Structures are given as structure tokens and as C-alpha cells.
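Peer 1: sequence and predicted structure are below.
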Amino acid sequence: MQLIGHLIIRLIAIIFGVSLAIFASSIFISFGMFTGMFEQFFTDVEYVLDTNIGDTDPIVALLVIGAGFFSSFKIVSLAIIPIFLAISLAEGMRWQGLTINLVMGGVVSLFAGITAIPSATGGLPSDGTLVILLATGFIGGFVYWLIAGRSAGLWLSSNRRLNVSEAQDLDK
């Protein structure tokens, strides 16, 4: 019965971690687009904002947070299945390392970006776009690792400890 409780708590932590990771990734992309920092990287993408508001304008923070919030819904719709496949793999294999979370975040971001971003050339996006997608995934993977990734699979091992202690109690 405790295994179900551990699983429910773990699912809540995973959902919270994924939500914040997606929001952090969206903020990163929105900040880069609104400040014009990613302008040279997204040369092959058809739909890029042409505005360069500037770093000193106070409205930038509001626009970045607002666009990050709404773009996170788009990211969720594109990447929810790869995200939960990666999380299921990490939970099952008990991968708790930062590196594996960064790699899986980058792979999921590349997959979602390549399938979602329309390229003007019709092929793969440019190298700069791929770098930005990887950086976005790394940020999401890091935020997820901070919240839920560090304890991946621990709920599975807590069940084994309970079974051993229950077996010892039964022997008495």
C-alpha cells in the first residue's frame, strides 16, 4: 500500500518538475526572441519576431513572461509524449544524474523543435537553430533535475526495503 502512496507523490513531483521545466524553457526562448539575441541563429525559420525591443525597456520582462507562459502550452502539445517517455526511462533505470537529464532534455527539445519549426529551406534547421534548441532542452533538463530528476527511481527501492523489513517482521 505504501508503494501506491510513493507512486502518487512521485507523479506529483514529476508533473510539477515538468511544468516548471517547460516554463523555464519557454522563458529562455521568449527572452532570446524578444531581445533579439537569437536573431542570427534563427535565420532559416519563417516565423521570427522582427522586433528588437532592447534590454532596458521595462516591458520586456512582461512580454517575456507572458510569451513564455503561452508558448509553454505549444511546447507541451508538441513534446508531451517524448517528455514522458524520457522520464519513464529515467525512472525505470533509476538515472538520477544531471548529465543524463541534460542529454534527455536536449534530445526531447531537438525532436520537438525539428518537428515543429517550419524551415524555409525545407530540410533541417540551421546549426544555430539546433544550438538554441539544445540549450533550451538543457535548461528544461536542468530545472527538471533540480525538482524531480535527482530522486528518479527512489520510490522503487523504498518498496524493496519495505518488503525486506516486512519479511523480517513475519519471521518473528
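Peer 2: Okay, I see it.

Peer 1: what helix or strand is Thr22 located in?
Peer 2: Thr isn't right for residue 22; it's Ile. helix 2-35 (DSSP states H and E).

Peer 1: so which elements touch that helix?
Peer 2: helix 59-93, helix 127-147, helix 154-171 (3 or more Cβ pairs under 8 Å, 6 or more residues apart in numbering; DSSP states H and E). C-beta coordinates here come from the backbone N, C-alpha and C atoms, glycine included.

Peer 1: nearest to Phe28, of the ones you listed?
Peer 2: helix 127-147 (5.1 Å; Cβ to Cβ).

Peer 1: give me the helices and strands touching that closest one, please.
Peer 2: By 3+ Cβ pairs under 8 Å, 6+ apart, helix 127-147 packs against helix 2-35, helix 98-116.

Peer 1: between those, which gets the lowest average pLDDT?
Peer 2: Of all the helices and strands packed on helix 127-147, the minimum mean pLDDT falls on helix 2-35 (a mean of 85).

Peer 1: run the angle between it and helix 59-93 for me.
Peer 2: 150 degrees (axes from the mean of the first three to the mean of the last three Cα atoms, to 10 degrees).

Peer 1: could you check the angle helix 98-116 makes with helix 2-35?
Peer 2: 60 degrees.

Peer 1: about what we covered before: may I see the buried residues of the helix holding Ile22?
Peer 2: 6, 10, 13-14, 17-18, 20-35 (16 or more other Cβ atoms under 10 Å).

Peer 1: stretch 146-158 too?
Peer 2: Ile147, Ala148, Gly149, Ala152, Trp155.

Peer 1: contacts for it, please.
Peer 2: 2-3, 6-7, 9-10, 13-14, 16-18, 20-21, 87, 90-96, 98, 101, 141 (Cβ atoms under 8 Å, 6 or more residues apart in numbering).

Peer 1: average pLDDT for it, rounded please.
Peer 2: 81.

Peer 1: renumber starting at 47 from here on
Peer 2: New numbering, starting at 47: the last item is stretch 192-204.

Peer 1: so how many other residues sit close to Ile121?
Peer 2: 24 (other Cβ atoms under 10 Å).

Peer 1: pick out the residue nearest the middle of the chain.
Peer 2: Nearest residue to the geometric centre of the chain (Cα atoms, centre = their mean): Gly186, 3.4 Å.

Peer 1: so it touches Ala67, yeah?
Peer 2: Yes: using Cβ atoms under 8 Å, Gly186 is in contact with Ala67, at 4.1 Å.
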